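S.K.: need a structure here:
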Amino acid sequence: MPLSTRFLVLSLLALLAAAPCLAQDKPDSLAAQQALTVFLDCNRCDDDYIRREITFVNYVRDRTQAQVHLLITIQRTGSGIEYLLNYIGRQDFAGVVDTLRYVSSRTDTDDERRQGLAQIIKLGLVRYVARTPLAHQLAISYDAARPQARQTSAEDDKWNFWVFRVGLNGSFEAEEVTNDYEIGGNLNASRVTDDWKIRLSVEAEYEEENFDIDDRTITSTRRNGSIRGLVVKSLGGRWSAGGFARMSTSSFNNTDLAMSISPALEFNLYPYSESSRREFRFSYFFNLRAFDYEEVTIFDKTSEVLLHHSLQARLEFEQPWGEAVASFEASNYLTDFSESLLDLYRLQLFGFLQVRLVRGLSIFGFGRVSRIRDQVFLSREEASEEEILLGNVRLPTSFEYRLSLGISYTFGSIYNNIVNPRFGS
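M.R.: Coordinates of the predicted model:
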C-alpha cells in the first residue's frame with residue numbers, strides 16, 4: 001500500500017476512534033424531563049428553523065417513536081400557499097387528532113412564511129404539551145395591539161382575488177471553444193375562489209450555443225414559447241367543468257405555431273376538500289388543434305387541423321405511512337390518416353411510491369412508461385448528426401420509459417433536536 005494511502009487510512013481510523021470521546025455531550029435536558037416527542041413530517045418546510053423556534057418538544061427521526069406525528073401537506077392557493085397541519089396522536093395520545101390551516105401570501109418572504117408556519121405549529125402542540133410534565137413551564141400571552149385577522153372577501157379586496165407575477169431571466173457562459181446564452185421571460189395571472197379558477201400564463205425562451213471545432217463554428221439554437229389559459233367552474237363537491245386554450249411555438253417540435261381549444265370535465269371520487277391528503281380524479285378533454293409546421297412532416301403536411309381527445313385518471317395519497325401517486329392517460333387523434341381512427345394514439349402510465357416500512361427503513365421509487373404513436377409533427381427530413389448530438393429536434397420513437405428505485409435505513413439516536421450549521425452541513 002503506498003505511503004500516502006496508509007497515512008490517509010490511519011488518519012481516518014484515528015478520527016473515528018476519537019469521535020466518541022469528543023462527543024460526550026450531556027443528554028438533552030428535554031429528554032430527561034420527558035418532553036413531548038414529535039415527528040415532523042414535511043417535505044418542503046425549513047426543519048432547522050422550526051427546531052430552533054420550537055424548543056419545548058423533543059424531535060425524533062421515526063414516527064413510531066413519536067407521541068405526535070405532525071404531517072404537513074402543502075398545496076397552492078389563488079394568492080399563496082396553504083399548509084394543512086395534521087396532528088396525529090400516538091402512544092398515550094392515540095386518538096387525539098387535530099387539523100390546523102395556515103395560508104401564506106405569494107408576496108411573503110421565506111422568513112415571513114416560516115415564521116407564520118412556526119406560530120401555527122406551536123398553537124397545535126399546546127393541547128398535547130398541556131398533558132406532559134412540561135405543562136407548568138408554558139406561558140400563554142395575548143397581544144392586544146396586533147390587528148385581528150379575518151377572512152378576506154371580494155368586497156374589501158381591491159384586486160378582486162387577482163394575483164399577477166412577472167419574471168425575466170438570462171444567462172451567459174463561455175469557455176475557450178464554446179459559449180452559450182439563454183434569455184427568457186414569463187407572465188402569470190390567476191384568480192382562484194371556491195367557485196372559479198382562472199389562470200393565464202405567457203412564457204418565452206431562446207437558447208443559443210456555439211462550438212468552435214477546427215476552423216468552423218457549429219451553432220445550436222432552441223426556441224420555445226407558449227400562451228396558456230384555463231377557466232374552471234366548480235360543480236359541487238366532486239365535479240368540475242373547464243375550458244382550456246393554448247398557443248405555442250417550438251423549434252424542438254418542428255412547430256411554427258400550434259393552437260388548441262379544449263373543453264373538459266372532471267370527477268373526483270373523494271371530495272375536493274380532502275385534496276391535500278387524497279384524491280382520485282378522472283378527467284376527459286376534447287381538443288381542437290391547429291398546427292403550422294416549420295418543415296414538411298412525415299404525413300406530407302405543412303399545416304393541418306385535427307380533433308383529439310384524452311382520458312386521464314390520477315390517484316394521490318399523502319398519509320402518515322408515506323406517499324403514493326399513480327396516473328394513467330390514454331389519448332388519440334380522431335382523424336383517419338390511413339386505415340383506422342386509432343392509428344395515432346398515446347398511452348402513458350406513471351407511478352410514485354414512498355413508504356416507511358418499519359422503524360428507520362423506507363423505500364421509494366417511481367416509474368413512467370409510454371407507448372407513443374402520435375408524433376404528427378415529425379419532420380420528413382432526417383435529423384443530421386449535429387442535430388441529434390445537440391438535442392435540437394425531437395426524434396421518432398414508439399416508446400419511452402424511466403425507472404428509479406431507492407432504499408434508506410437510519411439507525412442510532414432517536415432524537416433530532418440539535419441544529420448545527422457549521423461548514424454548511
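
S.K.: and the helices in this structure?
M.R.: Counting by DSSP state H, one finds helices in the chain at the ranges 3-22, 29-32, 47-53, 110-129, 385-390.

S.K.: quick one: least confident helix or strand in this structure?
M.R.: Sorting the helices and strands of the chain by mean pLDDT, DSSP states H and E puts helix 29-32 at the bottom, at a mean of 49.

S.K.: pull the number of nearby residues for residue 318.
M.R.: Using other CB atoms under 10 Å, residue 318 is surrounded by 24 other residues. Yep, even glycine has a C-beta here, placed from its N, CA and C like the rest.

S.K.: in this structure it contacts residue 278, no?
M.R.: Yes: the criterion here is CB atoms under 8 Å, and residue 318 meets it with residue 278 at 7.3 Å.

S.K.: can you list the domains in the protein?
M.R.: According to automatic domain parsing, the chain comprises the domains 28-141, 161-409.

S.K.: buried stuff in stretch 50-59?
M.R.: Neighbour counts over stretch 50-59 (16 or more other CB atoms under 10 Å) mark 50-51, 54, 56-59 as buried.

S.K.: where does pLDDT dip in this protein?
M.R.: Residues of the chain meeting the criterion pLDDT under 70: 1-33, 78-79, 146-156, 336-342, 414, 417-420, 423-425.

S.K.: any idea which strand is longest in it?
M.R.: strand 216-235 (DSSP state E).

S.K.: packing partners for that strand?
M.R.: Counting contacts by 3 or more CB pairs under 8 Å, 6 or more residues apart in numbering; DSSP states H and E, strand 216-235 packs against strand 196-213, strand 239-250, helix 385-390.

S.K.: as JSON lines, these with distance to residue 272 would be great.
M.R.: Shown next, in JSON lines, are the helices and strands packed on strand 216-235 (distance: least, CB to CB, whole Å):
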{"stretch": "strand 196-213", "distance to residue 272": "11"}
{"stretch": "strand 239-250", "distance to residue 272": "8"}
{"stretch": "helix 385-390", "distance to residue 272": "44"}
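
S.K.: what's the end-to-end length of stretch 369-383?
M.R.: The first and last residues of stretch 369-383 sit 25 Å apart, counting by CA to CA, to the nearest Å.

S.K.: what lies in contact with it?
M.R.: Contacts of stretch 369-383 with the rest of the structure, by CB atoms under 8 Å, 6 or more residues apart in numbering, involve 253-255, 291, 293-301, 304, 306, 331-333, 343-349, 392-402.

S.K.: mind doing that once more with 7 Å?
M.R.: For stretch 369-383, contacts defined as CB atoms under 7 Å, 6 or more residues apart in numbering pick out 253-255, 291, 293, 295-299, 332-333, 343-349, 393-401.

S.K.: burial measure for residue 275, as a count.
M.R.: Based on other CB under 10 Å, the number of other residues close to residue 275 is 16.

S.K.: excluding chain neighbours, what is closest to it?
M.R.: residue 75 (6.8 Å; CB to CB, 6 or more residues apart in numbering).

S.K.: didn't the one you found look like it was pressed against residue 277?
M.R.: No: counting by CB atoms under 7 Å, residue 277 is not a contact partner of residue 75; they are 10.2 Å apart.

S.K.: okay, the two: which has more neighbours?
M.R.: residue 277 (16 against 11).

S.K.: dump the residue contacts of the more buried one.
M.R.: Per CB under 7 Å, 6+ apart, neighbours of residue 277: 73, 318-319.

S.K.: tell me which of the residues you listed fall in strands.
M.R.: Going by DSSP E, the strands hold 73, 318-319 from those.

S.K.: ranking the domains of the chain by burial, who's on top?
M.R.: domain 28-141 (a mean of 16; mean count of other CB atoms under 10 Å).

S.K.: report the separation between residue 244 and residue 46.
M.R.: 35 Å (CB to CB, to the nearest Å).

S.K.: I misspoke; the intended subject was residue 81.
M.R.: Applying CB to CB to residue 81 and residue 46 gives a distance of 13 Å.
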